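J.: here are the coordinates; sequence isn't available:
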């Protein structure tokens with residue numbers, strides 16, 4: 001999958017969310033989550049080897065992916081549809097977490113050990129999101145506001161107000177459309 005050249009990847013806590021959201025490239029019409037094996041390979045590549053999935057999990061994971069892209073797009077100023085919120089609620093309700101405290105006294109949320117398949121993947125996503133909420137990085141994971149793109153990127157700009165994955169492509173297209181709209185009789 002592509003990675004816009006002028007964007008560094010998200011912090012570690014958000015890497016799984018960003019990578020799942022970017023398993024589809026809308027502009028190039030490439031989706032890497034087509035089969036159970038694709039979903040298992042994606043999970044294994046993110047340290048979640050051994051998760052087993054069913055065929056229905058592929059379509060469900062794609063629904064979860066699109067809802068995550070919607071929430072990331074809301075970070076760029078576009079309101080989320082209630083349907084996307086309902087999808088996130090549905091998947092995160094199936095992904096219970098527990099509080100783990102390490103020997104240094106550090107507390108963090110972790111998936112309960114008995115989780116399998118898509119609920120386990122959703123629990124790991126939830127843990128990353130909770131960590132990012134705690135450290136303030138969650139609102140900077142955004143989806144490009146260009147409808148034909150929606151690539152998820154991490155906004156490292158000082159003001160945190162970027163709206164496009166890359167200014168040289170999506171930003172330029174949007175600004176050119178706006179200019180043409182203003183100058184047409």
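T.: Alright, I've got the coordinates. The structure presented is a predicted model; accordingly, all values stated were derived computationally and were not measured.

J.: Quick check: which ranges of the protein have low pLDDT?
T.: 1-6, 163-164, 166-182 (pLDDT under 70).

J.: and with 90 instead?
T.: By pLDDT under 90, the weakly predicted segments of the chain are 1-9, 25-29, 145-151, 157-185.

J.: Let me see the ranges of the helices in it.
T.: According to DSSP state H, the chain carries its helices in the segments 12-21, 36-45, 55-74, 82-93, 117-135, 172-183.

J.: Between those helices, which one is closest to residue 145.
T.: With Cβ to Cβ as the measure, helix 55-74 is the member of the helices of the chain nearest residue 145 (6.5 Å). (Each C-beta comes from the backbone N, C-alpha and C, glycine too.)

J.: What lies in contact with the closest one?
T.: Around helix 55-74, the neighbours that count as contacts under Cβ atoms under 8 Å, 6 or more residues apart in numbering are 17, 20-21, 23-24, 31, 33-36, 38-39, 53, 80-81, 84-85, 87-88, 91, 117-118, 121-122, 125, 141-145, 150, 152.

J.: Could you check the angle that helix makes with helix 82-93?
T.: Taking axes from the mean of the first three to the mean of the last three Cα atoms, to 10 degrees, one finds helix 55-74 and helix 82-93 inclined to each other by 120 degrees.

J.: Next, the buried residues of helix 55-74.
T.: 57-58, 60-62, 64-65, 67-74 (16 or more other Cβ atoms under 10 Å).

J.: Pick out whichever of those sits closest to residue 98.
T.: Proximity of these to residue 98 (Cβ to Cβ) peaks at residue 64, which lies at 21.1 Å.

J.: Can you lay out the helices of the chain as a markdown table showing distance to residue 158?
T.: What follows is the helices of the chain, written out as a markdown table (distance: least, Cβ to Cβ, whole Å):
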| stretch | distance to residue 158 |
| --- | --- |
| helix 12-21 | 19 |
| helix 36-45 | 32 |
| helix 55-74 | 20 |
| helix 82-93 | 29 |
| helix 117-135 | 17 |
| helix 172-183 | 20 |
